[in-house]
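1. what shape does this take:
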Amino acid sequence: MADTKVKAASNKSTATNGSVAKGKGKAASTSVQPDPVMPGTDAPTMAASGTDLSREANASTSFPKETYLRWYEQMQLMRKFEDKAGQLYGQQKIKGFCHLYIGQEACVAGAVSALEVGDKYITAYRDHAHPLALGTSPNAIMAELFAKATGCSKGKGGSMHMFDKAVGFMGGHGIVGGQVPMGAGIAFAEKYNKTGKLCICYMGDGAVRQGALHEAFNMAMLWKLPVIFVIENNGYAMGTSVARTSNVTDLYKIGLSYDMPSEPVNGMRVEDIHEAVARAAERARKGDGPTLLEFKTYRYKGHSMSDPAKYRTKEELEDYRHRDAIESVRHTILTNNMATEADLEAIDERIKAQVAESVEFAETSPYPTPDELYKDVYVQADYPYIHD
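-> Here you go, the predicted structure:
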C-alpha cells in the first residue's frame, strides 16, 4: 500500500535541476515509445524542449517481487471493483453519474508506490481508484456509490465526490479543472507548514483548456510549490479527441511555457509511472518546485456510464487492451518466477471476495438521516444560520 516508498535499483536521474538551456527546442530523447493516445505515432520518452528532467529515464530498472505483487493486487482491486460498479449501475443500484477507471490503473498504482505516507492526492470525478490504492476500505467506497451513510463521504458525495483525509485523499471534484488550483493550494499549505510533503494533482486531458490551470501553473512555478501536476491523457476527454480540441497534442509541452519540468510518460506501464513520479517527488522535496507529467493512457469504457463511445473503433479499443498494464505486470511476475499462476489466482479470489463483501456492506447499510442535510456545511459546529 502507500506505507512503503519503493526505490528503483537503477541510477537516479541527474537532470532534475533544469540543466537544458531554455529556448533551444531540441529533443532530449534518443528513443521513442508507442503513443497509446494517438495510434500510429510515437511519443518521445523525454521532454522535447525546455527543462529536461530525465536524461536517464530509459535506464534499466528492476523492482523487487513485493512491489510487483503489490502493483498486481492494487490494480486488480481497482479493475474488479470498477467492473462490479459498472454492473451495479446497469442494475440501477448506483445512480447519478459514474466514471470508471478501467484501463488507467497504472496511473495510480505507480504513483502510490513512488510517494510517501502523508503526501496528498487530489483528482477530478474519475476518483474511485485513488482511495482504493491508498488504503480506503472498499466497503466505504462502495457504500458511497450507493449513497449510504457508511460511505467515505457519508453518502453525500456519491461517485464524483469521494474524500478520505485519513489516507491523504483530498477528493474527487466535479468542476472540470477545478482541482488544479486546489492542488496548488494544498501544496502551498505543505510548504508553508514545512511538512516535507507534497501534493499530486490529477486532471484529464479535457481540463487543460481551463484558464485556472494556467493561473495555477504560473503561481506554482513562481512560489516553487511541491506539487506534481498529472494529465491523465486518455485521448478523448468527454468524447472528443485531443487532436480536434487542442492545437497542442503533446500536452506536457504546456508546462514548458512556464519553464516547468515536463515530460510524457507511458501510462500503460506502471514501472514508467513510478519512475517519473519518483523523479518529480525528489525535485519537489528539494524545494525545486512543480513538475508536469502527461500520462498517456487509455480508458476502455466511455467517459461515463452514459457514454457509448461511438467516436472510436473496436479495433482501436482492442489494440489498447493488448497493452493492458495489469497483464503486463502479470507477465513480468510469471516470467521472472516471482509467483505462480496459483498464487495470482489466490489473489484474484481474495479480491473477488473483497468486492462482493463491499457490495453486501453497501446494500445493507442505512441511508443518511434527514438531519445530515444540516451537518458538515460549515466547520463551525454551531454556525447559527443553517436553520430558519
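2. please make it C-alpha for all contacts and neighbour counts, starting now.
-> Noted.
3. residue ranges with poor pLDDT in the stretch 251-388 of the chain?
-> With pLDDT under 70 as the threshold, the stretch 251-388 of the chain has low-confidence stretches at 302, 307, 388.
4. repeat the analysis, applying 90 as the threshold.
-> Applying pLDDT under 90 to the stretch 251-388 of the chain flags residues 298-323, 373-377, 379-388.
5. what is the subsequent helix or strand relative to the strand or helix carrying residue 254?
-> Using DSSP states H and E, residue 254 falls within helix 253-256. Remark: after helix 253-256, the chain's next helix or strand is strand 262-266, criterion DSSP H and E.
6. just checking, what packs against that next one?
-> Contacts defined by 3 or more Cα pairs under 8 Å, 6 or more residues apart in numbering; DSSP states H and E place strand 262-266 against helix 253-256, helix 270-285, strand 291-296.
7. go with 10 Å
-> On a contact count with 3 or more Cα pairs under 10 Å, 6 or more residues apart in numbering; DSSP states H and E, strand 262-266 meets strand 32-34, strand 42-44, helix 106-114, strand 227-233, helix 253-256, helix 270-285, strand 291-296.
8. okay, the angle between the last one and helix 270-285?
-> Looking back up the chat, that one is strand 291-296. 170 degrees (axes from the mean of the first three to the mean of the last three Cα atoms, to 10 degrees).
9. and the most centrally placed residue in the chain, how far from residue 346?
-> In the chain, the C-alpha nearest the mean C-alpha coordinate belongs to residue 108, at 4.3 Å (Cα atoms, centre = their mean). Using Cα to Cα, to the nearest Å, residue 108 is found at 23 Å from residue 346.
10. got it, and residue 293?
-> From residue 293 to residue 346 the distance is 35 Å (Cα to Cα).
11. and if you look at residue 323?
-> 24 Å.
12. neighbour count: the two, which is higher?
-> Neighbours around residue 323 and residue 346, counted as other Cα atoms under 10 Å, are more numerous at residue 323. The numbers are 16 against 12.
13. tell me the contacts of the nearest residue in space to the more buried one that is not next to it in sequence?
-> Among residues not flanking residue 323 along the chain, residue 268 sits closest, at 6.6 Å (Cα to Cα, 6 or more residues apart in numbering). By Cα atoms under 10 Å, 6 or more residues apart in numbering, residue 268 lies in contact with 35-36, 103-107, 295-298, 320-321, 323-326, 328.
14. and if you look at residue 341?
-> The contact partners of residue 341, taken as Cα under 10 Å, 6+ apart, are 330, 333-334, 347.
15. tabulate those (TSV), appending distance to residue 128 and neighbour count.
-> Shown next, in TSV, are the contacts of residue 341 (distance: Cα to Cα, whole Å; neighbours: other Cα atoms under 10 Å):
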residue	distance to residue 128	neighbour count
330	22	19
333	26	19
334	28	14
347	20	17
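16. and the two most separated of those?
-> Largest separation among the contacts of residue 341 by Cα to Cα: 334 and 347, giving 13.8 Å.
17. could I get the contacts of residue 341 as CSV with secondary structure?
-> Output for those, formatted as CSV (DSSP: H, G, I helix; E, B strand; the rest coil):
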residue, secondary structure
330, helix
333, helix
334, helix
347, helix
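18. so where do the helices sit in the stretch 101-250 of the chain?
-> Per DSSP state H, counting those that start in this stretch, the stretch 101-250 of the chain carries helices over the ranges 106-114, 129-134, 138-145, 179-192, 211-222, 242-245.
19. of all these, which one is nearest residue 91?
-> Proximity to residue 91 (Cα to Cα) singles out helix 138-145 among the helices of the stretch 101-250 of the chain, at 13.0 Å.
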